[in-house]
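[1] kindly return the folded structure for what I paste below:
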Amino acid sequence: MKTKPLFSLLFLFSIITFGQEHSHSSSMPLSFPDIPGYKSIKADLHIHTVFSDGNVWPNIRVMEALRDNLDAISLTEHLEYQPHKQDIPHPDRNRSYEIALAEAKAHDLLIIHGSEITRSEPIGHNNAVFIKDANSILQDNAEDAFTEAKKQNAFVFWNHPAWYAQTPKGNPILSDFQKERIKKGELHGIEVINSVDYAQESLALALENNLTIIGTSDIHGLIDWDYTEKGNNRPITLVFAKEKGLESIQEALFAGRTVAVYNDLLVGKEEFLKPLLKASISIEKANYIDNTQVLELELKNETSSNLLFQNESEYTFYDSSPVFEIAAGETKKLLVKTLEEKKQITLKLKALGCFTAQKMQPVIEWNINIK
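    Numbering: from 1, shown residues only. A predicted model of the protein is given here:
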């Protein structure tokens, strides 16, 4: 059967168009600076596909991650909950990981092998990442599933503990089950940001029990539809690793070196959040306006998050509110009244969208040399 010329042209056009659209670039790529001694690894450790209750094929998750400029992802399919099994029967629970791994092979994206242990309360939902075999973790008894995850040296974190569908009051409850898992070294982290929800009560539990702070998208649909088209970035965990590699990321998670990020919300332990914020602002200019004692500063936001600050310095501003925002990737001009010419000042700003504990916002200091 001969192909009609018009059809041939349309077919060729579709191939060219698809090739152009299959560029791994985004209008909102995630970007954060490294901190002293560590690489800032951008990771989303809670993702679903059609191999559990998600709506897309695993290779799409890889493409989305590349577009968002992520460094690592984990496809954490529900082990016990398989709503698509009539259409996609797959007795091998490792299959989603294998497809994603093959798609990412030609790209600089790390695929972390993971699965989700799914139970009703008080056990709840928990992700085990850096596993070796998902099939072995599929156990009738929840305690056995956690024991097997530990045998595989998995990093395990508690998912959305404040989710109102599981805890109607919306507050996480640390049950005897979780306490026992922590005691046995079988539970290591907790989501303080899941999807669009930030639970400060989960942050309190993280700090009280020395659990690693995690932020995830828990994406089931498309990142574009659920986040990007609504003007949002996906929630992620910044992992401060010695290098970009699976072993290094795993070590950093067990050590608790993380900050959870969602848009302009950054949540983490003070020892990691403060150096991240300090590295996030670069001083582009520090000069006095001629014949004045008004210092002109230019502060550049080096991240993909809008950052909101409040002035805590001994100096006031000439033409700006003491509360101001520096948009992602943008520069903010401040006119600082120092009252006399100085060779150096200390700029102190409270990061209003950032938390090191419940309702506790860090104050960051920059020592600025003046030309």
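[2] could you use CA atoms for every contact and neighbour count after this?
    OK.
[3] what's the helix or strand for residue 66?
    Using DSSP states H and E, residue 66 sits within helix 58-67.
[4] right, and residue 100 touches residue 58 too?
    Yes: if you go by C-alpha atoms under 8 Å, residue 100 and residue 58 touch, sitting 5.3 Å apart.
[5] ok, back up a step: just checking, which helix or strand succeeds the helix holding residue 66 along the chain?
    Next along the chain from helix 58-67, counting by DSSP H and E, comes strand 72-78.
[6] may I see the buried residues of that next one?
    72, 73, 74, 75, 76, 77, 78 (16 or more other C-alpha atoms under 10 Å).
[7] sorry, back to before: any idea of the mean pLDDT in the helix holding residue 66?
    Regarding helix 58-67, the rounded mean pLDDT is 98.
[8] and it with strand 72-78, angle?
    150 degrees (axes from the mean of the first three to the mean of the last three C-alpha atoms, to 10 degrees).
[9] which residues sit in contact with residue 318?
    Going by C-alpha atoms under 8 Å, 6 or more residues apart in numbering, residue 318 touches 294, 334, 335, 336, 337.
[10] let's go with 7 Å and repeat that
    Residues counted as contacts of residue 318 (C-alpha atoms under 7 Å, 6 or more residues apart in numbering) are 335, 336, 337.
[11] let me see the contact set for residue 286.
    Contact analysis of residue 286 by C-alpha under 7 Å, 6+ apart lists 295, 296, 297, 298, 370, 371.
[12] residue 339 versus the closest residue to it other than its chain neighbours, what's the distance?
    Using C-alpha to C-alpha, 6 or more residues apart in numbering and skipping residues adjacent in sequence, the residue nearest residue 286 is residue 297, 4.7 Å away. Using C-alpha to C-alpha, to the nearest Å, residue 297 is found at 15 Å from residue 339.
[13] looking at those two, which is more packed in?
    Ranked by neighbour count (other C-alpha atoms under 10 Å), residue 297 and residue 339 place residue 297 first, with 20 against 12.
[14] per-residue confidence at that one?
    97.
[15] how about the secondary structure of it?
    strand (DSSP: H, G, I helix; E, B strand; the rest coil).
[16] what about the strands in the stretch 51-200 of the chain?
    Using DSSP state E, counting those that start in this stretch, the strands of the stretch 51-200 of the chain run over 72-78, 110-118, 125-129, 155-158, 189-194, 197-198.
[17] how about TSV for those strands, with distance to residue 362 and mean pLDDT added?
    Formatted as TSV, the strands of the stretch 51-200 of the chain follow (distance: least, C-alpha to C-alpha, whole Å; pLDDT from 0 to 100):
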stretch	distance to residue 362	mean pLDDT
strand 72-78	28	98
strand 110-118	32	98
strand 125-129	30	98
strand 155-158	25	98
strand 189-194	18	98
strand 197-198	18	96
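[18] same list, these, but as a markdown table with distance to residue 54 please.
    Converted to a markdown table, the strands of the stretch 51-200 of the chain look like this (distance: least, C-alpha to C-alpha, whole Å):
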| stretch | distance to residue 54 |
| --- | --- |
| strand 72-78 | 8 |
| strand 110-118 | 13 |
| strand 125-129 | 15 |
| strand 155-158 | 19 |
| strand 189-194 | 16 |
| strand 197-198 | 19 |
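[19] which of the ones you listed sits closest to residue 313?
    strand 197-198 (29.2 Å; C-alpha to C-alpha).
[20] how far does that closest one sit from its chain's centre?
    The chain centre lies 12 Å from the centre of strand 197-198; the measure is C-alpha atoms, centre = their mean, to the nearest Å.
[21] poorly predicted segments of this protein, please.
    1-27 (pLDDT under 70).
[22] would you list every one of the helices in it?
    Under the criterion DSSP state H, the chain contains helices at 5-21, 58-67, 95-104, 134-137, 142-151, 176-183, 200-208, 223-226, 246-255, 270-280.
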